[in-house]
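1. structure of the sequence below:
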Amino acid sequence: MLELYKLLNSLLELYMLILLAYCIFSFLLSFGVVNPSSNIVRGIYMFLSRACDPVLNVIRQALPSLGTLDISPIVVFLAINYLIRPLLFSLLVAH
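-> Numbers count the residues shown, from 1 in each chain. Predicted coordinates for the structure are as follows:
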């Protein structure tokens, strides 16, 4: 079971890195640092968007509107670190 926990924990780490890249990339797009009409930029954004938007959209629907401020990535980071990881540890390793 320890190996399964390590695998799932590694997948969570990878997802958090992808989510961080999504956040940084969306800031770069918002401030005009990267060119959104470039094929490479569009491809990267599409990959990151497809990986992150399904989870973020669920959180966005559950949270009250804060105008242009989107705190859904913060909620996902906190949920992974303080809910999902401890739950996985208690289910797979602590027994």
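
2. and the longest helix along the chain, average pLDDT?
-> Ranked by residue count under DSSP state H, the longest helix found in the chain is helix 2-30. Mean pLDDT, computed over helix 2-30, is 96.

3. following it, which helix or strand shows up next?
-> Once helix 2-30 ends, the next helix or strand along the chain (criterion: DSSP states H and E) is helix 39-62.

4. and whichever helix or strand comes after that next one with helix 39-62, angle?
-> Counting by DSSP H and E, the element after helix 39-62 in chain order, helix or strand, is helix 72-79. Using axes from the mean of the first three to the mean of the last three CA atoms, to 10 degrees, one finds that helix 72-79 and helix 39-62 are set 70 degrees apart in direction.

5. report the angle between helix 72-79 and helix 2-30.
-> Using the same axes, to 10 degrees, the interaxial angle of helix 72-79 with respect to helix 2-30 works out to 160 degrees.

6. tell me what helix 72-79 is packed against?
-> Counting contacts by 3 or more CB pairs under 8 Å, 6 or more residues apart in numbering; DSSP states H and E, the secondary-structure elements packed against helix 72-79 are helix 2-30, helix 39-62. Quick note: C-beta positions are derived from backbone N, CA and C, even for glycine.

7. would you pull up how far that helix lies from the middle of the chain?
-> When C-alpha coordinates are averaged (CA atoms, centre = their mean, to the nearest Å), helix 72-79 and its chain have centres 8 Å apart.
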